[in-house]
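Enquirer: have a look; sequence and predicted model below, questions after that.
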Amino acid sequence: MTPVYGLILAGGRSTRMHRDKATLTYGGKSQLDRAYELAGRHVEQVFVSVRAAQAHEPGRAAKPLIVDSVSGEGPICGIRSALAAYPGAAWLVLACDLPFLSDAPLAHLLISRDPGKLATAYLSAQDGLPEPLCAVWEPAAGAALEAYQAGGGTCPRQFLMRHAAKLLEPLDAHALDNVNTPEEYAQAQEAMQGARAAPPRPLKIHYYALMREQAGRSEETLETAAATPADLYAELDARYGFTLAREQLKVAVNSEFSDWTRALRAGDAVVFIPPVAGG
Amino acid sequence: MRFRFADRPIDTAAARSELLDPGAGACATFEGWVRNMNEGREVSRLEYEAFEALAAKEGDRILAEALMRFPVAHALCIHRIGNLAIGELAVWVGVSSVHRGEAFDACRYVIDEVKHRLPIWKKEHYRNGDSGWVNCEHCAAAPRHRHPTPA
């Protein structure tokens, strides 16, 4: 399969924010750094998409950059420039202004990816339309995007609606909420302070069968800020490289089956349940 | 509790006696045995592992469902864990009822649900020295993104 690289879009003009969105911070870390590190946990290499004028800005210059090489405006230029720079690669494209995005939706996106389509993307939980800026763009999208721009198109969302894309139901209604105005920024910071009011706390994880062998232990107590079983699985998967995708598992909390989005509390005991074979 | 685990051979005579009921005219039992072949591979032994706290609760729920769905008197299920040799009894289900029809139906219901729902895993050890967790190794062959190797 084609390799997947990460592309963080940080070339926007941030006109509604009145300041550079990439430098907004949450918990003391810039949005750009957060998105860069998040993508880096899922793909082998991550680049930052910038306009030529931004290539020497501190905060951007230290990272591997893909400078816009095609003319025009908007995120399509960044995506096309990446596809042109590495024609054999697919791209996990992320806007840098998605403060609520976490590991679980990215892992799900990559597992669900269909390389036979031009892109794999989430549908918005708000309006049901495709979200082009948390999506995997395939190599074949390059020529189609060029043709779309040549025809006067500028909107990557409209592009996905008019072309063959695999579209996924969102896992979490707010994972892709973005932040465009100073008011939205203040709200997001407040929401994240609230989330951090629950700081890392101990969770107990018990492992059975294949999971036990791959984790190399039958139990552990972990200090983690993982909010839900889905987040916890993403965190442990990144550490142990489990062969089973989350979709193949069930989960139990405190010895009862649970859904993946339940809020975990200090001391909860979590078990990931691989496909069973009793009898 | 009507569902339980056993870490040594199941005493089927004792289990059967738990189903006795003066009003019962029928008893259906099912025994699941360890066989020497699976999907074309020669099996030398099996290893069962269970998440016992949840499996026991879910097993009791299955037996309670059987008593609700079918007019049966008693239902019982015992599942082995640990290492089992070829020919050993891995799971035993017994149901007693007034007539035979519902005894067969309820017995079938219990074993089918047990196989689908209980968090129990089976590792097959093959004659050629290989081994694998049943239902876990094949599906794991599906394409999967790679993570950076943990430090």
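Expert: Sure, I can see it. Numbering: from 1, shown residues only, chains lettered A, B, ... in the order given.
Enquirer: okay, now residue 74: neighbour count?
Expert: Here I'm looking at chain A. Using other C-beta atoms under 10 Å in any protein chain shown, A:Gly74 has 16 other residues around it. The way it works is simple: take the backbone N, C-alpha and C, and place the C-beta from them, glycine included.
Enquirer: sorry, I should have been clearer: chain B.
Expert: As a burial measure, B:His74 scores 19 neighbours (other C-beta under 10 Å).
Enquirer: need the contact list for it.
Expert: Taking C-beta atoms under 8 Å, 6 or more residues apart in numbering or on different chains as the contact definition, B:His74 lies against B:Arg2, B:Glu18, B:Leu19, B:Asp21, B:Ala24, B:Gly94, B:Val95, B:Ser96.
Enquirer: pLDDT-wise, which helix or strand of chain A ranks last?
Expert: helix A:182-196 (a mean of 75; mean pLDDT, DSSP states H and E).
Enquirer: pull the most distant pair out of the contacts of B:His74.
Expert: Across the contacts of B:His74, no pair lies farther apart than B:Arg2 and B:Ala24, at 15.3 Å, counting by C-beta to C-beta.
Enquirer: for the residue nearest to A:Glu235 when sequence neighbours are not counted, helix, strand, or coil?
Expert: In this structure, A:Glu235 finds its nearest non-sequential neighbour in A:Ala226, 5.2 Å apart by C-beta to C-beta, 6 or more residues apart in numbering or on different chains. At A:Ala226, secondary structure determined by DSSP: H, G, I helix; E, B strand; the rest coil is coil.
Enquirer: A:Ala226 reaches A:Ala266, doesn't it?
Expert: No - because the distance of 12.0 Å does not satisfy C-beta atoms under 8 Å, A:Ala226 is recorded as not touching A:Ala266.
Enquirer: which residues are common contacts for those two?
Expert: Shared contacts of A:Ala226 and A:Ala266 (C-beta under 8 Å, 6+ apart): A:Leu203.
Enquirer: of those two, which one has the most company?
Expert: Set A:Ala226 next to A:Ala266 and count neighbours by other C-beta under 10 Å: A:Ala226 wins out with 21 against 11.
Enquirer: if I look at the more buried one, how far off is A:Leu98?
Expert: Between A:Ala226 and A:Leu98 the distance is 18 Å, computed by C-beta to C-beta, to the nearest Å.
Enquirer: now do B:Asn38
Expert: Summarising the geometry, the distance separating B:Asn38 from A:Leu98, computed by C-beta to C-beta, is 47 Å.
Enquirer: which one's more surrounded, those two?
Expert: For B:Asn38 and A:Leu98, the more surrounded residue by other C-beta under 10 Å is A:Leu98, and the numbers stand at 22 against 15.
Enquirer: ok, now which ones touch the more buried one?
Expert: If you count contacts by C-beta under 8 Å, 6+ apart, then A:Leu98 has A:Ala35, A:Leu133, A:Cys134, A:Ala175, A:Leu176, A:Asp177, A:Asn178 around it.
Enquirer: next one: A:Trp91
Expert: Applying C-beta under 8 Å, 6+ apart to A:Trp91 gives the contacts A:Val4, A:Tyr5, A:Gly6, A:Leu7, A:Ile79, A:Ala82, A:Leu83, A:Val136, A:Trp137.
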